[in-house]
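S.K.: have a look; sequence and predicted model below, questions after that.
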Amino acid sequence: MIGLLSYAVFFTTVASILAIAVLGLNLQWGNTGLFNGGVVAFFGAGAYGTLILGSAAQPDQFGGFNLFYPAALIGGMVVAGLLAWVVGILTLRLRHDYLAIATFGIAVTFENIMRNAEWLSGGAKGIRGFEQPLRDAFGGGLAYNAAFLAFVVAALIAVYQFLQHLVSSPFGRLLRAIREDEGAARSLGKAPSRVRLTAFITGSVIMGLSGGLYATFYAFVSPQDVLPTLTFQIWAMLIVGGAGNNRGAVLGAFLIWGAWTASGWSLSRFAPIEAQLYTGSIQYILIGSVIVGMLLWRPQGLFPERLVVSQSGKPGATKKQGV
Amino acid sequence: MTEPILQTRGLSRDFGPFRAVDDLSLTIQKGSITGLIGPNGAGKSTCFNLLTGMLAPTAGQIMLNGQDVTRQRPDQLFSAGLGRTFQIPRPFSRMSVLENVMLAPLNQTGERIVGPFLRRARVHDEEARIRARALEVLDFVTLAPLADHPAGQISGGQMKLLELARVLMGDPELILLDEPAAGVNPTLTGILIGKIEELNRQGKTFVIIEHDMDFVMQHCDPVIALAEGRKVFEGTAAQAQADPVLLDAYLGAMAHG
């Protein structure tokens, strides 16, 4: 029973952390139409940033600033935001598949730098020496994990509320207009480049928060955590859940993470021994199939984007229709 | 006595070796409804794209209300009072008709990312005003019943009216309409003409590209004709109908199909 409970806590924590990243991607792709193919770079910037700022000093290792945890987490988000700012300015002119290719390349570059810049990131062995905040207060174990889950869920709710308010505001309307037809938005007096950059940075900061929480949860990050697979998983979550719909983004994260772990478990349990060697590869094939299947048969996702519609009657009583 | 609102001098645009607009000097008088005609490929739409900053001219100058606005961006020109619609309508398809219109007002507080959080009350008030005005404008172009429809699912003619509504939200002095009657059923065309003339009486200036000669001859004055990127005629509608060069170059060609 305790085992099941701990597993449920573990599962929900990871799914909630990933849901935050999916929400960040939803702001970029679902609302603004920015094809970020390098989600993992911003997730990783947050993860490495948080640990470098928050961990204790290690020999021959940059960092060890041992910052107060909230400052380290926010610092990780700032690192992700700075990366997005630089990437955004460099790729501002790119659209669609070109932006996807450029950002994908940036994510691979990021992974390679983390793998090789040992002084900065600990190289292949990653960053250690991070103490989870308030670990002693909860005595570790299940109590600690449950408390951390509460913190993660609070962060998820905060991000969700922030984005709901944002996309139902005039700023959200502007993002959708740019997504639909940038030229027409321009002809109506809008300056899309600045807005695209703002949305790109904001989404990436949210991905950075997700990465920071992820690294805190494992008290460790290595290049294995920033492989392109994670980008695809996060995309699958958004596509399945429904791009343009924040509720769909969160649901997609839980569904895909559930399917991912369930498939791993089933394969290890029921598949013939020879096949178990390829569990990881089979999982990739499965997730790829899910993306392709969704795009073929239900491209709008399980929770399609909803129109922001007016409410007749009182002016100003804007119905906060979820998007 | 009229005064010019828009002038071009020696405006040219090349696409590779092809010169789409060639040394074009136009003067649009304030308060007029100017018709811009010419066969397909004469450079009319390119001319609109140059005037609205969507294309950069290869040579020449554009003056709006006496100010040199050559090479300004489309958003700057819209802010300066120049609005346009497109030959093929460009609605924001996955947004409601009302949202399409509410987008247009300039300098909305809530369009900056911090606005909706730090200036909630102000954004709320602004939204109420913009919504009320948007509903008025939609009512004016007879689209109010469709306010909550996705803009991508209304008819082509309704999209033309929607584009007009969007432009009107920005309250520009000068409105360029690219084939407003093309593909629009006669009832809607009638409504559109009525709205254009009403707005014109209120002081708005129009430049209209149109292939429908009845439309141009009845509602536009003056008429400017382009052919191969050059101005080949400028005068009243009556003069246009009597001009042998124009009859031959354009109206004749139309008559022969």
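M.R.: Done, it's in. Residues are numbered from 1 along each chain as shown, chains lettered A, B, ... in the order given.
S.K.: how about the residues of the stretch 101-250 of chain B by chain A?
M.R.: B:102-104, B:106, B:108-113, B:115-117, B:123-128, B:131-132, B:135, B:147-148, B:150, B:166-167, B:170 (CB under 8 Å from any CB of the partner chain). The way it works is simple: take the backbone N, C-alpha and C, and place the C-beta from them, glycine included.
S.K.: can you select the buried ones from those residues in PyMOL?
M.R.: Remark: buried members of those, expressed as a PyMOL selection using 16 or more other CB atoms under 10 Å in any protein chain shown:
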select buried, chain B and resi 102+103+104+108+109+110+111+112+113+115+116+123+124+126+127+131+135+147+150+166+167+170
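S.K.: tell me which of the residues of the stretch 101-250 of chain B next to chain A fall in helices.
M.R.: Under the assignment DSSP state H, these contribute B:102-103, B:115-117, B:123-128, B:131-132, B:135, B:166-167 to helices.
S.K.: now residue A:92. Nearest residue, chain neighbours left out?
M.R.: Computed as CB to CB, 6 or more residues apart in numbering or on different chains, the closest residue to residue A:92 that is not its neighbour in sequence is residue A:193, at 5.6 Å.
S.K.: mean confidence for the strand or helix carrying the one you found?
M.R.: Using DSSP states H and E, residue A:193 sits in helix A:192-218. Across helix A:192-218, pLDDT averages out at 96.
S.K.: show me where pLDDT drops low in the chain?
M.R.: Answering for chain A, as no chain was given. Where chain A drops to pLDDT under 70, the residues are A:310-323.
S.K.: oops, chain B please
M.R.: Using pLDDT under 70, the flagged stretches of chain B are B:1, B:249-257.
S.K.: repeat the analysis, applying 50 as the threshold.
M.R.: B:255-257 (pLDDT under 50).
S.K.: how close does residue A:56 sit to chain B?
M.R.: Distance check for residue A:56 against chain B: by CB to the nearest CB, to the nearest Å, it reads 36 Å.
S.K.: any idea which element that residue lies in?
M.R.: With DSSP H and E as criterion, residue A:56 is part of no helix or strand.
S.K.: just checking, it touches residue A:67?
M.R.: No. Using CB atoms under 8 Å, residue A:56 makes no contact with residue A:67, being 10.5 Å away.
S.K.: excluding its backbone neighbours, what's nearest residue A:241?
M.R.: Closest to residue A:241 by CB to CB, 6+ apart is residue A:252, at 2.3 Å.
S.K.: the one you found touches residue A:235, doesn't it?
M.R.: No. When contacts are counted by CB under 8 Å, residue A:252 is not listed as touching residue A:235 (9.8 Å).
S.K.: okay, the two: which has more neighbours?
M.R.: Legend: neighbour count by other CB atoms under 10 Å in any protein chain shown for residue A:252 and residue A:235, higher for residue A:252 (29 against 22).
S.K.: what angle do whichever strand or helix holds the more buried one and helix A:192-218 make?
M.R.: Assigned by DSSP H and E, residue A:252 belongs to helix A:246-270. Taking axes from the mean of the first three to the mean of the last three CA atoms, to 10 degrees, one finds helix A:246-270 and helix A:192-218 inclined to each other by 40 degrees.
S.K.: for helix A:246-270, buried residues please.
M.R.: Buried residues in helix A:246-270 (16+ other CB under 10 Å): A:246-257, A:259-261, A:263, A:267.
S.K.: give me the buried positions along stretch B:143-154.
M.R.: Neighbour-count burial for stretch B:143-154 [16+ other CB under 10 Å]: B:143-144, B:146-147, B:149-151, B:154.
S.K.: so how far does it reach from one end to the other?
M.R.: 10 Å (CA to CA, to the nearest Å).
S.K.: likewise stretch A:240-249?
M.R.: End residues of stretch A:240-249 are separated by 8 Å (CA to CA).
S.K.: and chain A, which residues reach chain B?
M.R.: Counting by CB under 8 Å from any CB, the residues of chain A near chain B are A:165-166, A:169-171, A:173-174, A:176-177, A:179-181, A:183-191, A:195, A:198, A:202, A:244, A:305, A:307-310, A:315-316, A:318.
S.K.: residues contacting the residue nearest to residue A:241?
M.R.: Neighbouring residues of residue A:252 by CB atoms under 8 Å, 6 or more residues apart in numbering or on different chains: A:22, A:236-242, A:301-302.
S.K.: chain center to the helix holding residue A:193, what's the gap?
M.R.: 7 Å (CA atoms, centre = their mean, to the nearest Å).
S.K.: in contact with residue 226: list those residues for me.
M.R.: Picked chain A for this. Applying CB under 8 Å, 6+ apart, the residues near residue A:226 are A:40-41, A:43-44, A:47, A:107, A:110-111, A:114.
S.K.: should've been chain B
M.R.: Per CB under 8 Å, 6+ apart, neighbours of residue B:226: B:24, B:36-38, B:42-44, B:47, B:232.
S.K.: same question for residue A:28.
M.R.: A:34, A:36, A:199-200, A:203-204.
S.K.: with residue A:200 instead?
M.R.: A:28, A:32, A:34, A:36, A:84, A:87-88.
S.K.: next: residue A:104.
M.R.: Residue A:104 touches A:37-38, A:228, A:231, counting by CB under 8 Å, 6+ apart.
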